[in-house]
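> Turn this into a model:
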Amino acid sequence: MAALDRIFRPKTIAAVGGNWAERVVEQCLLGEFAGKIWPINPNRETMHGVPCLPSIKDVPEPPDCTFVGVNREQSISTLEHLAKVGGGGAVCFASGFAEIACEDNRGNKYQEDLVKASGTMPFLGPNCYGFVNYLDGIAIWPDVHGGKRQDSGVAILCQSSNIAINITMQTRGLPIGYVITTGNQANISMASIALGLLDDPRVTAIGMYIEGFGDIREFEHLTHLAKAKQIPLVVLKVGNSEQATSLTLSHTSSLAGSYAGSTALLKRLGIGQVTTIPEMIETLKILHLGGPLKGRKIASMSCSGGEACLIADLGYKLNLNYTKLDKNQIESLKSVLGGKVHLANPLDYHTYLWGNEEELFKVFLTMMSGDYDMVYLVMDFPRSDRCQAQGWNETLQAFIRAKNSTNSRAAIVSVLPENLSEKQCEYLYSNEIIPLCGMSEALKASEICADIAESWNTPTPLPIILGPSKIKNISTAEEIVIRQKLSNFGVSFPMCYHYSDLLDLETNLAAFEYPVVLKKSGLIHKSENEGVVLNLNTKDSLLEVARRINSPQGFLVEQQITNSIAEILIGVSNDFTTGLMLTLASGGIYSELWNDTHHLLLPTSKEEIESGLKELKIWPLLEGYRGQPEADIEYLVKTITAVANFAGQNHTTLVEFEINPFISLTQGGYAVDILARFTDEGD
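Below you'll find the model as predicted:
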């Protein structure tokens, strides 16, 4: 945190501009900021009673943090002055920089000038609101916000300022320590901010709302340090990369979009991935109180069969384990609940104990005595404006007592988020019980927290292989040429010959064992363009088809592989945001139809490849479905590893690569169609 300490924990603040700057002054006063505040505006005498200075040049000493709330031209000159006098840093509020480059090509130039003007002085933005430090009561923030002072809490980093405002308004009881917006990240990246926050012992977890990752190496470094310091990271990644799709032609690239790349990246780095803001908030609540879950064993209790069924159905869809009750638990529960209750996990303890704190305590104590990583009590509280909480309070006290007696990780889970108020959440936290709003969000958050712990127990992965960052002059390799290159890496192909034209085919046709396949040379999507003909059983039928179809670039004649166990797509795509990504999928025409895919960033291992194959819907065929022969899985993994090695050695020029399909046999297998595209100007 030391490098950014003057920005996020300033002792002196300047606010440059009009109404937006005045709101920053207001927020500083509301937060009882104890340092000096200098409003800067030549046309106003005061802002909320604080005297204004006419110019940034009139500030008596270099401010630690300056809110720059003027237009983009004035923002550049203001940052230039602050950098010259030794300012600690700034928040650049103005828009009209790189974020509008598509509409106004001057946007990039303005942003370049802004960065140049700032020199070595750090600044947030441009195009951002700034930050609120709830741990120290500091708000460089030109708007309202809904948080309050905390002794410890999670940090929220957002590229979107409006999303950040929304999160501060949550009433789910999440203790927020920092909310920091990053805007265009022209000077300070989100990863570098998160790195600084790792040094603040009051930060319990970090959540990030990301539109673009930026420097992958920074994120790798961040995750390594976060793991070492045991500070969990959670990310909500939004947006699609046009770069990741605009240059692609293979099935692989259509399957491996930006979402697939970001998912593979976050999994590899051990970052919890959420898909909604509520999921992020509930995940951070678990992480704030006790960190990641040590495992996936959960127990649930409720006084309703409906709630028990609902949480069972929702939980079994996830990678969570409702561990069965052991004999001691069953006997103990029988003594309390009698024979009227079906004893299972999730447990419906029925309502006839409702309000009986002592008997409920025995039930909860018995459940918490099991080997669980999290114990839920499903309970929605009555609305306080119309109802009394008689019965609920006794149930809650029994749960708290059982938790304290067993030191279990415990959570109250509401079916509806609004049925667990902020005040109730705060009370639960004070008793070291996690308040989780919404059953679906609670379960998904638990799964994510278990994922994080699992990643922390695995070795740190090797650095991701990055593909070319700039691409020009793309060329598609001749299939016959790329076959030879892949053969050198250990990939097997059927016998195949290339013929330059029909005459060459008619006069030089090699001796084949029929059936054979005829392909038009030079086509990328052969099946879609009538460029491949199967089951040609004689020389005459082969020549007849060749004469009928037009192929200006010649023909490929290939030995047809029979007795296939399964067809697999093996592809590599260059995701500009996340590096080279290996895609495994059902092969042939089913690759996109079934959307049966698994993605791994390179480099990868044989163990990860085999695990990825097991995730595919086609895996049962490879295993030998219903007594059918098994595929040579060892050979398939060996082939995929060879493709990964080829991609790694050609990463500076490889744009996309695909074998579709690889035909897996009982012994060995063959790649029967291949596409590879390269750039000669990658870097």
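> mean confidence for the host helix or strand of residue 663?
Assigned by DSSP states H and E, residue 663 belongs to strand 654-664. In this model, strand 654-664 has a mean pLDDT of 92.
> list the contacts for residue 191?
214-215, 218-219, 221-222 (Cβ atoms under 8 Å, 6 or more residues apart in numbering). All C-beta spots, glycine's among them, are computed from the backbone N, C-alpha and C.
> tell me which element it falls in.
Using DSSP H and E, residue 191 sits within helix 190-197.
> Which parts of the stretch 251-400 of the chain are strands?
272-274, 297-302, 321-322, 347-348, 374-378 (DSSP state E, counting those that start in this stretch).
> any idea of the angle the second one forms with strand 374-378?
It refers to strand 297-302. 20 degrees (axes from the mean of the first three to the mean of the last three Cα atoms, to 10 degrees).
> CA atoms of strand 297-302 as CSV?
C-alpha atoms of strand 297-302 as CSV (Å, rounded to 0.1, in the frame of the first residue of the first chain):
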residue,chain,number,x,y,z
LYS,A,297,-19.3,-30.6,2.8
ILE,A,298,-22.4,-28.7,3.9
ALA,A,299,-25.4,-29.3,6.1
SER,A,300,-28.7,-27.5,6.0
MET,A,301,-31.6,-27.2,8.5
SER,A,302,-35.0,-25.7,8.1
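> Could you check how far the residue lying closest to residue 406 once chain neighbours are set aside is from residue 447?
Nearest non-adjacent residue to residue 406, counting by Cβ to Cβ, 6 or more residues apart in numbering: residue 368, 4.2 Å away. In this view, residue 368 and residue 447 are 21 Å apart by Cβ to Cβ, to the nearest Å.
> More neighbours: which of the two?
Set side by side, residue 368 and residue 447 show more neighbours around residue 368, with 23 against 19, by other Cβ atoms under 10 Å.
> mind listing the strands for the stretch 51-200 of the chain?
Here the stretch 51-200 of the chain has its strands, by DSSP E, counting those that start in this stretch, at 65-69, 90-92, 123-124, 131-133, 138-140, 153-158, 176-181.
> Work out the sheet partners of the first one and label each with its direction, please.
Strands adjacent to strand 65-69 in the sheet, as given by DSSP bridges, are strand 12-17 (parallel), strand 90-92 (parallel).
> so where do the helices sit in the stretch 301-450 of the chain?
In the stretch 301-450 of the chain, the segments counted as helices under DSSP state H, counting those that start in this stretch are 305-316, 327-337, 357-368, 392-406, 422-430, 439-456.
> export these to TSV and tack on distance to residue 550?
Below are the helices of the stretch 301-450 of the chain laid out as TSV (distance: least, Cβ to Cβ, whole Å):
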stretch	distance to residue 550
helix 305-316	55
helix 327-337	74
helix 357-368	73
helix 392-406	76
helix 422-430	71
helix 439-456	53
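> Could you single out the most deeply buried of those helices?
With neighbours defined as mean count of other Cβ atoms under 10 Å, the helices of the stretch 301-450 of the chain peak in mean count at helix 439-456, which reaches a mean of 23.
> tell me which strands and helices it is in contact with?
Taking 3 or more Cβ pairs under 8 Å, 6 or more residues apart in numbering; DSSP states H and E as contact, the helices and strands that helix 439-456 lies on are strand 233-237, helix 258-269, strand 272-274, helix 277-288, helix 305-316, strand 374-378, strand 410-414.
> chain center to whichever helix or strand comes after that helix: distance?
Proceeding N to C from helix 439-456, the next assigned helix or strand is strand 474-476, under DSSP H and E. Once both centres are worked out by Cα atoms, centre = their mean, to the nearest Å, strand 474-476 turns out to sit 31 Å from its chain's centre.
> can you check stretch 221-240 too?
The chain centre lies 9 Å from the centre of stretch 221-240; the measure is Cα atoms, centre = their mean.
> Look up how far residue 289 lies from the residue nearest the centre of the chain.
Nearest to the mean C-alpha position of the chain, counting by Cα atoms, centre = their mean, stands residue 273 at 3.9 Å. Counting by Cβ to Cβ, the separation of residue 273 from residue 289 is 21 Å.
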